[in-house]
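Asker: Give me a 3D structure for the following:
(3 chains)
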Amino acid sequence: MARRRIDLSGLNRGQRRAVETLTGPLLVLAGAGSGKTRVITYRIARLMETGTKADRILAVTFTNKAAREMQGRASKLLGKRPKAAKRPEISTFHSLCVRILRRHIHHLGYPNKFAIYDGNEQDSLARAALRDVRVGYEKLRPGELLNAISGWKSAGLTPAQAEEVADGDKEELAALAYAKYQAAIRACGAVDFDDLLLLTEQLFSEHAEVRFMEAGRFDHLLIDEYQDTNAPQYRIVKALAGAHRNLCVVGDDDQSIYGWRGADVTHILSFKEHWPDATVVRLEDNYRSRESILELANTLILHNATRHQKVLRAFRKGGEPARFIRYEDETAEALAIVTEIHAALGSESDDRALASDYAILFRTNEQPRAFELELRRAGIPYVLVGGMSFYDRKEVRDILAYLKILANPSDEVSLLRILNTPARGIGASSITALLEVAVAEGRSLGQLLPEAHQYDGVPEAAARRIRGFLGLLEDYRQRIATGSLADTLKDLIAGVDYKKEIERLYKNPGDVQTRLNIIGEVVSSIAIYEERTPNPTVEGFLEETALAGRDDIGSDDGDDRKQRAVTLMTLHSAKGLEFPRVYMVGMEEGLLPHGRSVADSAGIPEERRLCYVGITRAQDHLTLSFAKARMKWGKSRASIPSRFLFEMRGEAERAGKAAAAYAEYAETVRSEFAAREEAKAKKKKRTRRITKKARSSRPETEAPKRRKVASPETAATPGRLPVQARQPQQTDTKPLQELDPATGSRQRALGSTRTAQSPTPPEGQVPSAQSPPARPTSNVKDADLDTPAQASLLGISQSVAPTVERISLDAGLSSNTAATPTDGPDRPAKKKAPAKKKAPAKKKAPAKKKAPAKKKAPAKKKAQKSRSARSNLR
DNA sequence: CAATACGCCCTTTTT
DNA sequence: GGGCGTATTG
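Answerer: Here you go, the predicted structure:
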């Protein structure tokens, strides 16, 4: 192997040190954008250069995407190597565990061919468990139960231990249900995501020989995103690295945002204590964001007390100040932002933006709705990351359930799912009867099926069909073991006439077609798998799909589209990514510090980190927006600007006021809630009898959970762009009509969209005319954050008197130059030449032109402008 | 047994 | 506002 010196000259001091410290424990505190992945890949390359064999290196990440990226960058750095050359093992925690378990899980009494249950299947099990414990969902919802179980599992508690620890009615019930759940999943020969880690850990602690064998496979261990490790992961790492101690962990405590799911920041905070001789390297040079953006991040994160101290230094100085914008409500927010993006995409200038430059980041999954709608209307391609995944669709789950049953006959969840899907005359009553027998005799449903005819509750006809069904499965089970996977699957789908089922379910021909296409994609994905895998098996395919999660199926296709699309995603899924232009929307109390996190003290710091993550995604442009009011529970409610907006600007006092205002608000909500609970409790008594009677209800057909997609052809699934067919110019209203029955609002927005879309607007000024909300931040003043309404919420109406005028002037939307002189107070020496210039030129002039007579000259108007953005457009 | 209607409940983040 | 589950009806 030609040994070539890896060139380290492009690395800064810290990076070089991290790359060259090759033995012993090493902690790399890598701030956002500090070249973390680079360090890891260089380090791998260095290791190999100094004689470590590739396959003696294990790098662990949390996501497949990260693993893939690392793999790609490492091989690039290593240059051309013989095809057969070993590669470093780079995988996620979960897939690493799967591999280990596949080899040894039989020691723990599980079949080596165990199935992996994802959220949907867990949901089914949770419901069944709750039925078993005779708890109505109103007492404890499946989701809550799963959360509890996951919490216990992450803490390493068995059901028995959980029962001891459980405190209060709810938890005790949950602990009981946990026992049922665990028994059920085990009986299915399946494991869930948490089990993957737990069982691996158990394997290591109970079977030393397994631990030796697995740990002995590697001499060097790298863990990425170490701040996200939970307890089992931590112990697995320890077990693997304990002997050689060549453990390099990389992470950033300031980006720890998965505490809610068991990640424990203390792992990274006290690494030095666990490994006293550890070298610690800090990477604080940020190459991603402009200085103006980093300042906000640095200032914000200072509000967290417990952290490794570090300050991001901007490599890229200057930059446009971030913008802070207030809107009337979430609709206005979406409309204005989309309009702005649309204008930028359509502009003829050299610096024309690409859709892929943009990311819209939000906290909760309901927020993107408004944006999707507007983006569709504007004909801008977008990708909603993390929405309904391909694998969450009913059709896909059905088909996969067939495959799962073929692979693992004891998989009861899948069995129940397909037993009567497509409808084959095995009715709910028959199934219930069988399930009762199964429970009574302690046998599995699968075992009972062949003798179904013996039982009373099962009519002759049903028994016959069950027999037919079993025969069919047996048939395909044999075929798939020997023949081509894809072909067999195709035959299977035809054999059960799934198409007919779809036609029965959906009467709209468009719907039917998209569902059929989806099925086609499943088939082709198995074909792809089959093609590129040496020894393809059903199990292998299923494993891939289970672990792939939200990654797309036809990845090339997906990537290609993503390249031309605006990205919509949660702050959580944005971690690790970067975009030239970032919008952080819904920056409001209750949303960004999320309502549920405000209660417990650990909550706020994590929310703050989440905000920090969001800010540090932006390379050049950052816009933070919030609404004055927002729909919640079908009602419009006043919003309070997020305390983080103030914190990041160094306005601690106002941040405190925002927090206090929210606390007060939360208090009223809580009493409302309590009242409702009470009413509910009364009712429950009545309902209970009924529920009990009905408790043996039929198995789940579908575990819904995620929201449905608006319309098939515009379905926004990852990797599947909604409007790709429509050009921006088109103003075909029909699809829209279908999309949105709420015609009223449709028309309104449509009108505006049309304006925005007119291809060659007079004077070519579309952009500015269309971007009313855009405003240079040099203008950002109190005005942007306090309207009279907000000010009173914050209890500061008087004190901000000087700004009140500007407040109404701006009302969060208008872009005027009035503020220029006031630049001083807030961010004194900060304005950039470019910003200044842009403000007047770009904003004002065009706005007048294009905007219909309604808009007045910017400078003098006050209150009436608060709505200007919308009304102008209409 | 399926389709429809009504009413209740909710709203965090996900490998 | 909307999705889901349950009840009711044919």
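
Asker: Okay, now the unreliable bits of the stretch 101-250 of chain A?
Answerer: A:134-139 (pLDDT under 70).

Asker: Minimum distance to DNA strand B, which residue of it gives it?
Answerer: Across the stretch 101-250 of chain A, the shortest distance to DNA strand B (Cβ to the nearest atom of the strand) belongs to residue A:193, at 4.7 Å. Using the backbone N, CA and C atoms, a C-beta is placed for each residue, glycine as well.

Asker: if you skip the residues just before and after it, what's nearest to that residue?
Answerer: Residue nearest to residue A:193 in three dimensions, not counting chain neighbours: residue A:94, with 6.4 Å by Cβ to Cβ, 6 or more residues apart in numbering.

Asker: Spit out the contact partners of that neighbour.
Answerer: A:193, A:196, A:197, A:547 (Cβ atoms under 8 Å, 6 or more residues apart in numbering).

Asker: Report the contact partners of the second one.
Answerer: Put plainly, it is residue A:196. A:94, A:97, A:98, A:101, A:116.

Asker: separation between it and DNA strand C?
Answerer: Counting by Cβ to the nearest atom of the strand, to the nearest Å, the gap from residue A:196 to DNA strand C is 26 Å.

Asker: ditto for the last one
Answerer: Counting by Cβ to the nearest atom of the strand, the gap between residue A:547 and DNA strand C amounts to 24 Å.

Asker: Retrieve the pLDDT associated with that residue.
Answerer: Per-residue confidence at residue A:547 stands at 81 (pLDDT).

Asker: How about the secondary structure of it?
Answerer: On the three-state scheme (DSSP: H, G, I helix; E, B strand; the rest coil), residue A:547 is labelled helix.

Asker: Just give the nearest non-adjacent residue to it, would you?
Answerer: Per Cβ to Cβ, 6+ apart, closest to residue A:547 is residue A:95, 5.3 Å.

Asker: now residue A:238: how far from DNA strand C?
Answerer: Distance of residue A:238 to DNA strand C, computed by Cβ to the nearest atom of the strand: 41 Å.

Asker: typed the wrong thing, it's residue A:277
Answerer: Taken as Cβ to the nearest atom of the strand, the span from residue A:277 to DNA strand C is 53 Å.

Asker: Please list all residues in contact with that residue.
Answerer: So residue A:277 contacts A:24, A:25 (Cβ under 8 Å, 6+ apart).

Asker: Kindly report the same for residue A:224.
Answerer: The contact partners of residue A:224, by Cβ under 8 Å, 6+ apart, come to A:36, A:37, A:40, A:59, A:60, A:61, A:62, A:66, A:70, A:250, A:251.

Asker: filter the residues you listed down to the ones close to DNA strand C.
Answerer: Among the contacts of residue A:224, not one lies near DNA strand C by Cβ under 7 Å from any atom of the strand.

Asker: now whichever residue of the stretch 301-450 of chain A sits closest to DNA strand B, nearest residue through space, not along the chain?
Answerer: Closest to DNA strand B within the stretch 301-450 of chain A is residue A:427: 1.4 Å, counting by Cβ to the nearest atom of the strand. Spatial nearest neighbour of residue A:427, chain neighbours left out: residue A:462 (6.4 Å); criterion: Cβ to Cβ, 6+ apart.

Asker: do you know how far the one you found is from residue A:453?
Answerer: 9 Å (Cβ to Cβ, to the nearest Å).

Asker: Strand partners (parallel or antiparallel) of the helix or strand where residue A:360 lies?
Answerer: Assigned by DSSP states H and E, residue A:360 belongs to strand A:358-362. Its sheet considered, strand A:358-362 pairs with strand A:566-570 (parallel), strand A:579-584 (parallel) by DSSP bridges.

Asker: That strand: what's the following helix or strand?
Answerer: Note on strand A:358-362: by DSSP H and E, the next helix or strand toward the C-terminus is helix A:368-378.

Asker: Give me the helices and strands touching the following helix or strand past that next one, please.
Answerer: For helix A:368-378, the following helix or strand on the C-terminal side (DSSP H and E) is strand A:382-384. Using 3 or more Cβ pairs under 8 Å, 6 or more residues apart in numbering; DSSP states H and E, the elements in contact with strand A:382-384 are helix A:368-378, strand A:566-570.

Asker: Establish whether strand A:382-384 and DNA strand B are in contact.
Answerer: No. Taking Cβ under 7 Å from any atom of the strand as the criterion, strand A:382-384 and DNA strand B are apart, separated by no less than 10.6 Å.
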